[in-house]
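Asks: I would like to see how this sequence folds:
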Amino acid sequence: MADVEVFLDAAPGETRGMVFRDGRAWTLIIHREDDRPEHRLGARVVGRVARLAPGLHGAFIDLGCGEPFGFLPLGKADRPAEGAKLELLVTAEPRERKGPVLRRLGEAGGEPRLLAAGPDVAAILNMLAPGVPVSTGAEAIHAALEAEEEALSGGAIEPGVGLDLAVQRTRALIAVDIDYAPAAGRDSRKGREAVNREGLRQTARLLALKGWGGLVAIDLVGVGLNPETTLSMARQAFADHAGAAIGPLSRFGLLQLSLPWGRTPADERFAAPGALEIGALRRLRLALLTDRAAPRLTLHCSSTSAAILSHWVAQLGPRAHIRPDAAPGVFEIKEG
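Replies: Residues are numbered from 1 along each chain as shown. Next up is the predicted model:
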């Protein structure tokens, strides 16, 4: 059984939750202070049908918080009238400047509004790892930084089995290349099976960490693979991905699967406005926790960043200070 660790880094501006298994990050949940609660995964809302989109087999829904509107997929016989009020569940958060994806729960009345907020980070962690103690403080900040680094990585290398994994997201699909670097004296047939098994496992881990969904094409090692064995390995690797649809194995060793979207992808979170400032704030918080002897720690940044950070830094206590005397994009923490 995997050794499971849970971390919660709740801070001004942003809260992160992480689940680690056997020392590796498997889950990264990010909630920003400026997130619209109507767009959060699991939120229950009342929406108004703003516009039908027959070409997209759906409708755009006004949730009462401005654009981007939510999108409701529709079946052939499901055609609500424009202006109709519906009760809806958020099944996927915004991504790529698109609004959230919704599922219809029933009819509703009144103006578009939030009925029930989606679960917060602490509640999600409890659902993912019930009963596991939650670590906070400096440990959680280190875990958050490690999970971010892995979420931004382009793959994984596992020398023990000879795995060299590359994962890349394109406009059409997610391309995964599993390569094998066999060690001298190793049985190549057994080695290929082991590296494919670990490659699928690491692919599932990285895609969950990145928050990516859609069509996935995985180039496995070798040709003439046993379809039953390979599909069994894939089902086991992606068992925690609810709604994953795994396709047949091609004769060229290519495996295709489809993953539903859920949370806003991590790379979009890291590139969003204010993300650099929140990262600097996290490093300042870590410095305050690890260097308790320093009576005063100052974050030096640009005036634009200081305008974003000042009210958050003020929440960190009397030892934390900010000074707008650095070039744009520069963040330095100094004593005094």
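Asks: give me the number of residues near the residue nearest to residue 247 when sequence neighbours are not counted?
Replies: In space, and not counting its chain neighbours, residue 247 is closest to residue 256: 4.2 Å by Cβ to Cβ, 6 or more residues apart in numbering. The way it works is simple: take the backbone N, C-alpha and C, and place the C-beta from them, glycine included. The burial count assigned to residue 256 is 15, neighbours taken as other Cβ atoms under 10 Å.
Asks: by contact count, what packs against the strand or helix carrying residue 256?
Replies: Here residue 256 sits within strand 254-259, counting by DSSP states H and E. Helices and strands touching strand 254-259, by 3 or more Cβ pairs under 8 Å, 6 or more residues apart in numbering; DSSP states H and E, are strand 214-219, helix 227-237, strand 245-249.
Asks: what's that strand in contact with?
Replies: The contact list for strand 254-259, computed with Cβ atoms under 8 Å, 6 or more residues apart in numbering, reads 207, 212-220, 230, 234, 238, 241, 243-250.
Asks: Please repeat the previous calculation with a cut-off of 10 Å.
Replies: Outside strand 254-259, the residues within contact range by Cβ atoms under 10 Å, 6 or more residues apart in numbering are 173-174, 176, 178, 196, 200, 203-204, 207-208, 212-220, 225, 227, 230-231, 233-235, 237-238, 241-250.
Asks: partner strands of it, parallel or antiparallel?
Replies: Applying DSSP bridges to the sheet, strand 254-259 is found paired with strand 214-219 (antiparallel), strand 245-249 (antiparallel).
Asks: angle of the last one against helix 227-237?
Replies: Okay, so that is strand 245-249. 160 degrees (axes from the mean of the first three to the mean of the last three Cα atoms, to 10 degrees).
Asks: which helix in this structure runs the most residues?
Replies: helix 188-210 (DSSP state H).
Asks: Distance check, the residue nearest the centre of the chain against residue 252.
Replies: Nearest to the mean C-alpha position of the chain, counting by Cα atoms, centre = their mean, stands residue 211 at 3.5 Å. Distance from residue 211 to residue 252, counting by Cβ to Cβ, to the nearest Å: 29 Å.
Asks: Just give the nearest non-adjacent residue to residue 246, would you?
Replies: Nearest one to residue 246, counting by Cβ to Cβ, 6+ apart, is residue 257 at 4.5 Å.
Asks: Could you do residue 25 as well?
Replies: residue 147 is the one closest to residue 25 (Cβ to Cβ, 6+ apart), at 4.0 Å.
Asks: ok, which stretches of the protein are helices?
Replies: 121-128, 137-151, 188-210, 227-237, 266-271, 275-290, 303-313.
Asks: for the ones you listed, which one sits closest to residue 326?
Replies: Nearest of the helices of the chain to residue 326, taken as Cβ to Cβ: helix 303-313 at 8.1 Å.
Asks: Any regions of the stretch 101-250 of the chain where pLDDT drops low?
Replies: The stretch 101-250 of the chain contains residues with pLDDT under 70 at 182-189.
Asks: Check what pLDDT the closest residue to residue 109 other than its chain neighbours gets.
Replies: The shortest distance from residue 109 to any non-neighbouring residue, by Cβ to Cβ, 6+ apart, is to residue 85 (5.7 Å). In this model, residue 85 is scored at 97, pLDDT.
Asks: Could you give the number of residues near residue 85?
Replies: 18.
Asks: That one touches residue 50, doesn't it?
Replies: No - applying Cβ atoms under 10 Å, one finds residue 85 not in contact with residue 50, separated by 11.4 Å.
Asks: Mind listing the shared neighbours of the two?
Replies: Counting by Cβ under 10 Å, 6+ apart, the residues touching both residue 85 and residue 50 are 61, 62, 112.
Asks: I figured the first one hits residue 104, correct?
Replies: By that I understand residue 61. Yes - using Cβ under 10 Å, residue 61 is in contact with residue 104, at 9.5 Å.
Asks: Between the two, which has more neighbouring residues?
Replies: The neighbour comparison of residue 61 against residue 104 (other Cβ under 10 Å) goes to residue 61, with 27 against 19.
Asks: Next one: the more buried one relative to residue 80, how far apart?
Replies: From residue 61 to residue 80 the distance is 10 Å (Cβ to Cβ).
Asks: Which neighbours do these two have in common?
Replies: With Cβ under 10 Å, 6+ apart, residue 61 and residue 80 have common neighbours 48, 49, 72, 86, 104.
Asks: which of these tops the neighbour count?
Replies: residue 72 (23 neighbours).
Asks: what residues are up against that one?
Replies: Contacts of residue 72 by Cβ under 10 Å, 6+ apart are 47, 49, 52-53, 58-61, 78, 80, 86, 88, 91, 100-104.
Asks: Buried only: go through the residues you listed for me.
Replies: Among these, the ones that count as buried by 16 or more other Cβ atoms under 10 Å are 47, 49, 52, 58-61, 80, 86, 88, 91, 100-102, 104.
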